[in-house]
Every structure is written in C-alpha cells, then in structure tokens.
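# Sequence below, structure please.
(2 chains)
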Amino acid sequence: MAKFVALLASGVAYGAILMLVSLGFVVLFKATGIVNFAQGDLVTLGAFVAFWAGSSLGLPILATYVVAIVGLFFCGVIIERIAYVPLRKRPPIVVVIATLAVSVMIEGLIELWQGSSPKNLPSPVGTAVWHVAGADIAMQRVVIVIVTAVVVTAVLVIFKTTSIGRQVRALASDGETAQLYGVRTRAVSVGAFGVSASLAALAGVLVAPLSAIDVTFGFALMVNSFSAVVLGGFVSLEGTAAAALSIGIIQQVVGGYFLPSYSDTLPLIVMFVVIAVRPQGLFGLRSSRL
Amino acid sequence: MTVPPAAHARRSGRTRSALVGNRLGTGPPVYREHRYLTWVVLFAVIAVAAPNLVTGQADQLSLNVWLAYGIAGVGFYWVFGLAGRFAFCQTFMMAMGGYMSAWITLRLGPNWFLVGVLGAMAVTGAIAAVIGLILSRAQDFYFAIGTLAVSEVGTVILTHTTSFSGADGSTVGIAAPEIFGYAFNSYLQMFWLSLAVLAVVVLFAILLERSPVRRHAIAGRENATVARSGGVPVVKVQVMLFAFGSMLGGVSGALLGSINSTVDVNSFGTSLAIGIFLMLFIGGIGSVWGPIVGAAFYVAIPQVLSSLAQYQNIVYGALLLAVIIAFPEGLVGALRILAARLTHRRPPVEPGATLVERLSSVLPTGKRKENDATAG
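Residues are numbered from 1 along each chain as shown, chains lettered A, B, ... in the order given. Model prediction:
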C-alpha cells in the first residue's frame, strides 16, 4: 500500500509536469499550427535560468522563478522572431526543423554558459515530506500538483472566456476566416510563443528540485509530453490535460510495479499504439482538404 | 493521369503547358537525362584526389565518416526528400545496423562482413517496413513523433540487451572487415571500401530516380488523396522508400562500426539526428547530390572550425536555421539557380525541387497548406 501511494503520488506529480509542457505545445499549435521541438530545451533553460538567478544573483527562490518565467517569455519571443517569422509562408514541417535547429542552439548555449556538470535547484519547501498511509511524499510534489492545478485552470478559463482565447480558438479552427474578421495573427503568434515558453519554464523550475538538472533533462520530458499531446489530438486542452495525468500515472505506477527498467518507454509505447490505431489522436478530428 | 500533349517539349521547359505539367509532378513517364558522366567524374576525382591530399590519420577518418554519412543521407533523402515522410529514426537504423553487423562479425569472424551488412540491411529494412505499415495513416507530425518513439524505445532496449549490443549499449573491438579473404586494415583500405559502397548506392539511387517510383513518391507526397485517385499506390511507395532508406541507414551503421571499430548507442543520439537533417538541408533536399554534399559539410565543419569546438552545437544549429531560411533548396539548388542565371536560362524546375516552391506554384496562395495542418 505504501509503495502504491508513493508511486501514485509521483505519477500525479509527473503527470502535472507533463500537463504544463503539453499545454505549452497545444497553446502554440492552436495559435500557429507549429509544433515546437525546442520545448524540452526551454524546460531545461528555465531551470538553468532559475539556478543562475539563485546562485549568481543571490535572489530568493520565488524571485528566481519569476526571473525564469519572465525571461523565458522573451526567449519564446526571440524564437518566434528567428525561427517562425521568416518561415511563415513555408510548410509547417520546415518550421519544425527550424525549431529543431533552435533546440541544438539552446543546448549549446546552456553548455557554454553553465558547463555540462549537473546542477541542483533548491526547493521552496526544502526537503519536507508528507506522511500518508506509510509513504513519504516529498512536499515538492504537492507543490507541483497545486501550482499546476491553478495554472492549468487559469489557462483553460482564459481560453474559454477572454477575447484573446477566442482569437486563438478562431485561428485554430479557420485561420483565413479569423484573419478576415480582424484577428491579428502576428500579435497572437508572438504571444503564443511567449506563453508556451513560460509554461515550459514553470515546468522546469517545478520539476528540477526532484532531480539534478543537466543539458538534456528537458528532452525526455518533452518526448513524454508528446504522448499526452497526441492523445489529446493536438487541439483539445482538456483532453491533453487528462491524457498528461493518465500518462504520468501509467508510467510511474505500471512502470514501478512491472517494468522498472523500461518505465520510461511506457508513454512512448502508449503513444505509438494510439497513432497506429487513431492517427489523428484520441480527441482529434480528422479532416482532409485538397 | 492523362498524357499532356507536349511531353517532348518539356525537356526544354519553354512552353507553358509543359511547365505546368512538370510542376504538378504527376505527368507521364519523363525519363529525364541523368548525368552518369558527372557522377563518374565526381567519383574519379574523389578516388584520385582524396588518398593523395588527405594524409593525417584524423583527416582520413573524417573522410571515411563522410562517405558513411553520405550513404545514410541518401537513404534519408528517399524517406524525407522523395516520399516526404518526416522520419525521426534514421540514426536508430544506423545504430541497429551497426550492432547487427558487429554481432555477426564478432561471432562468425571478420570475413563474414558481407553477411553482416546483409544482416544489417535485413533487420533495418524489416523494422522500417513494419513501422511504415503500422504508421501508414499517420501524417507529418504524427509520423515524426511515432518514429521518434520507435527510436527512443529502441535505444532503451538496445541499452538493456547486453547479449546483443554489449554492456550499456557499447560494442567494442570490431575487427577490420574482410571480403573474400582481403582484409581492410588501414583507413585507406576502409576508404576504398566505403567509396565502393557509396558508388553502388548512388547507382541504385540513379536507377530509382529514373523509375516511376520517384514520380509516384512525389505525387503521394504532394497530395496523397489526388495521387491515390490517380492510381498511385501511395502507401506501398512510401513504405518501400522508408524501408530502402532505412536499409541504407543500416549499411551506413555497419560501415561506421568497422571504421570506428566500436558501436556506441550514445553516438547515434539527438545530435546526429539533427546532423542528418543538416546534411540534407545544407546540400538540398531535391536530389541525390544534396545529402552527399551536405555530409561533406557536416563532417568538415568541426575540422575547419576546430578553434570553435566549444561552439559546435551552436554553429550547427545556426547553420541549419540559416540554410533553411536563406537557401530553401540547399547548396545544390543555389548552384543550379546561379548556373541558370549565368546562362540566362530559366532555372530548371525539378519535380522534387522543394516542397515549398512546388506547393506555392500549385496552390493559389500558399495559405491552404497551413489550414491543412491546423485541421489535421
């Protein structure tokens, strides 16, 4: 029982992190039709910016989080400028490769800036643990779940009720008509890149205290959140959130009990099966045009 | 697909109907001339110049690595350039081929190298065929992510199967290959072997370029629905090219294993995956030349910019970005346009030139493709 509770807790926390990363994907995809393969490196960069703000600037922990999230917003804007704007007229697949290029550049920059040795980001709740049913759950995981719940709810509310949310949804369902009705595609795409990068930074600073951070630590997270995004069909925010949570739990609980050395591959296997059976994702719609 | 009347006029590319038909890429069998002679000259130049000019051990190694990467690049050209399948598993195929060949030669002896290469081709081709069939309905991103999953899961499995791939996915001590009793011991001998393999690959690639497969692949890539209604077996062609391309990945991995005498799962990671894209895009995704020229650049950059070793990733990334933005058709395409300007001719519109240019010429505004993506 204790083992189950511990695995479930880490599954929910991991799912929450995946939720943040994959919401970043979905927000960006809805606004621009692009999948940003640098998202994982933005997660890493967010954690490193927070580490730098703490160790070099001596800021308190929460201030380092603000620095990381705001800083990454601007990184997102820069990526939009260099990898998306010049390629607006090109097929999305070309932009995807451009984001791959950005991803290599970010990895190179981090290595140059912080070296390749792993770093440890402190947790705002220290090493506190929560005893439940005989299991020790790190308070950091509780923090992750609470923060994610608040942020994800906020994103969903913004999408459903505000003008910006309506504009993004309009762009997602029919870009040309949305433009005809005065949606400013360019402003929305800048904002979407920024918000998406900020979500990645938030995920980075939240997950980093659970393990050491190095240059590649965001990549595995990104690959696993692809699974969530694919299950959500790239368009449904709620579907993606639910998928992220289930994938986190499947990976930790099923992997923890049955396949400890292969647990990292479970989300990918789930995703592969979903793509094979429903190539448009579980919640996705299929449409083709000539 | 009907036969446009002016098929013979197409080669000159002057009449309007010929141009349009050519751009659509679904015309009748146009077996454009192929410059076998250019290729023969190129290989002759490499064969004469390379062993004489390249002397240092490190440079000779790079030369062999270039030839091996070129083979993998031609394979990726079939998968991504021709069939338009955004596959993320070419480096995994290279690793798989390397392990398979090493496994065979370490057990049976170095004179079984050819069998090792055949084994590498068989296993990578079979994996690719199965995956291609399973993911046959998946489009751009989904196919990319699905093959990324294959690559990641495969890498984890290779790291754990110590009896096949060595401890922690590292097979060491691969002996120099032997073919019919002749051992390829030195870098120079490996160079001849790699060059010969690349020549065979290029010959096969030219034959493929001349065959209807190329036209079918392009039709399926540009618009699968239309191609299918025109009788093109889209899935069959795409799966076939994916399998062939992955086989070349396997061959390349087998050669790399012999060149480096080790196969390590870490050397086939994300950075090489990006490198493969870089090779194809620097060279140009429109022809067989592209990946070979691109591979030369990819291997040469660290040699030329050795003082910038710490910036290597940044340079690769920035270069890839710059090439995508500034030279959509890569160096080969840029040279072609330049040559056409110098001779005051219309630049040849290759059926497979770029996805971009062709789409914008076929579609009224170039906007509809974006809608496809958001809807898909």
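
# can you pull the contacts of the nearest residue to A:Leu62 once chain neighbours are set aside?
Nearest residue to A:Leu62 in three dimensions, chain neighbours excluded: A:Pro124, at 6.4 Å (CB to CB, 6 or more residues apart in numbering or on different chains). Where you see a C-beta, it was placed from the backbone N, CA and C, and this is true even at glycine. Listed by CB atoms under 8 Å, 6 or more residues apart in numbering or on different chains, the contact partners of A:Pro124 are A:61-62, A:143.

# Rebuild these as TSV, extending it with secondary structure, neighbour count and pLDDT.
Output for those, formatted as TSV (DSSP: H, G, I helix; E, B strand; the rest coil; neighbours: other CB atoms under 10 Å in any protein chain shown; pLDDT from 0 to 100):
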residue	secondary structure	neighbour count	pLDDT
A:Ile61	helix	17	86
A:Leu62	helix	10	88
A:Val143	helix	18	90
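
# which of those lies closest to chain B?
Of all those, the one sitting nearest chain B is A:Val143; the distance, using CB to the nearest CB, is 28.9 Å.

# For the spatially closest residue to the closest one that is not a sequence neighbour, give its distance to chain B.
In this structure, A:Val143 finds its nearest non-sequential neighbour in A:Val125, 5.8 Å apart by CB to CB, 6+ apart. Computed with CB to the nearest CB, to the nearest Å, the distance linking A:Val125 and chain B is 32 Å.

# Would you check that A:Val125 makes contact with A:Arg141?
No - using CB atoms under 8 Å, A:Val125 and A:Arg141 do not qualify as a contacting pair, with a distance of 9.8 Å.

# So between these two, which is more surrounded?
The residue with more neighbours, out of A:Val125 and A:Arg141, is A:Arg141; 25 against 16, by other CB atoms under 10 Å in any protein chain shown.

# Checking the residue nearest to A:Leu62 next. Helix, strand or coil?
Look at A:Pro124: counting by DSSP: H, G, I helix; E, B strand; the rest coil, its state is coil.

# Got the phi and psi for it?
The main-chain torsion angles of A:Pro124 are listed as degrees, to the nearest 10 and equal phi -60, psi -20.

# any idea how far it lies from chain B?
Relative to chain B, A:Pro124 is positioned 32 Å away (criterion: CB to the nearest CB).

# Just the pLDDT for that residue.
As summarised for this prediction, A:Pro124 has a pLDDT of 80.

# Equivalent analysis for the one 3 residues further on, please.
pLDDT for A:Thr127: 76.

# Same check on B:His160?
pLDDT, B:His160: 87.

# Could you do the one 3 residues further on as well?
As predicted, B:Ser163 sits at a pLDDT of 83.

# Repeat that for the one 5 residues further on.
Note for B:Asp168: predicted pLDDT of 78.

# Report the spatially closest residue to it, excluding sequence-adjacent ones.
By the measure of CB to CB, 6+ apart, the closest residue to B:Asp168 outside its immediate chain neighbours is B:Thr159, 6.1 Å from it.

# which residues touch the one you found?
The contact partners of B:Thr159, by CB under 8 Å, 6+ apart, come to B:165, B:168-169, B:265.

# Tell me which entries of those lie within helices.
Applying DSSP state H to the contacts of B:Thr159, the entries found in helices are B:Ser165.

# Give me the buried subset of the contacts of B:Thr159.
Among the contacts of B:Thr159, those that count as buried by neighbour count (16 or more other CB atoms under 10 Å in any protein chain shown) are B:165, B:169, B:265.

# How is chain B partitioned into domains?
Structural domains annotated on chain B: B:56-267, B:269-362, as defined by automatic domain parsing.

# Identify, out of these, the most deeply packed stretch.
Each of the domains of chain B was assessed for mean neighbour count using mean count of other CB atoms under 10 Å in any protein chain shown. The highest is domain B:56-267, with a mean of 21.

# Show me what from the stretch 1-150 of chain B comes close to chain A.
Residues of the stretch 1-150 of chain B found near chain A (CB under 8 Å from any CB of the partner chain) are B:86, B:134-135, B:137-146, B:148-150.

# can we see that at 6 Å?
Applying CB under 6 Å from any CB of the partner chain, one finds that the stretch 1-150 of chain B approaches chain A through B:86, B:134, B:137-138, B:140-142, B:145-146, B:149.

# Need phi/psi at A:Ile34.
phi -110, psi 140.

# Go ahead and confirm it touches A:Val95.
Yes - contact status for A:Ile34 versus A:Val95: in contact at 5.1 Å, counting by CB atoms under 6 Å.

# So for these two, which sits in the more crowded spot?
When A:Ile34 is set against A:Val95 and neighbours are counted by other CB under 10 Å, the residue ahead is A:Ile34, at 27 against 23.

# What separation do you get for the more buried one and chain B?
Going from A:Ile34 to chain B by CB to the nearest CB gives 8 Å.

# and the gap between A:Ser22 and A:Ala242?
11 Å (CB to CB, to the nearest Å).

# ok, the two, which is more surrounded?
Using other CB under 10 Å, the more surrounded residue of A:Ser22 and A:Ala242 is A:Ser22, with 31 against 18.

# Isn't that one up against A:Ala241?
No - here A:Ser22 lies out of contact with A:Ala241, judged by CB under 6 Å, at a distance of 7.9 Å.

# Quick check: the residue nearest to B:Ile325 when sequence neighbours are not counted vs A:Gly204, distance?
Nearest in space to B:Ile325, with sequence neighbours left out and distances taken as CB to CB, 6+ apart, is A:Pro86 at 4.6 Å. Computed as CB to CB, the A:Pro86 to A:Gly204 distance reads 27 Å.

# Over to B:Ala68?
Distance check for B:Ala68 against A:Gly204: by CB to CB, it reads 37 Å.

# try A:Tyr181
When CB to CB is applied, the distance between A:Tyr181 and A:Gly204 equals 36 Å.

# Next one: the lengthiest helix in chain B, is it in contact with chain A?
In chain B, assigned by DSSP H, the helix with the most residues is helix B:234-260. No - with CB under 6 Å from any CB as the threshold, helix B:234-260 lies outside contact range of chain A, at a closest distance of 12.3 Å.

# Dump the C-alpha coordinates for the helix or strand containing B:Asn313 into PDB.
B:Asn313 is part of helix B:312-326 when elements are defined by DSSP states H and E. The C-alpha coordinates for helix B:312-326 follow below in PDB (Å, rounded to 0.1, in the frame of the first residue of the first chain):
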ATOM      1  CA  GLN B 312      30.000  23.300 -32.300                       C
ATOM      2  CA  ASN B 313      26.300  22.800 -31.400                       C
ATOM      3  CA  ILE B 314      25.500  26.500 -31.700                       C
ATOM      4  CA  VAL B 315      27.200  26.600 -35.100                       C
ATOM      5  CA  TYR B 316      25.300  23.500 -36.300                       C
ATOM      6  CA  GLY B 317      22.000  24.900 -35.100                       C
ATOM      7  CA  ALA B 318      22.600  28.400 -36.500                       C
ATOM      8  CA  LEU B 319      23.800  27.000 -39.800                       C
ATOM      9  CA  LEU B 320      20.800  24.800 -40.200                       C
ATOM     10  CA  LEU B 321      18.500  27.700 -39.400                       C
ATOM     11  CA  ALA B 322      20.300  30.000 -41.800                       C
ATOM     12  CA  VAL B 323      20.200  27.400 -44.600                       C
ATOM     13  CA  ILE B 324      16.500  26.800 -44.200                       C
ATOM     14  CA  ILE B 325      15.700  30.500 -44.300                       C
ATOM     15  CA  ALA B 326      18.200  31.600 -47.000                       C
END
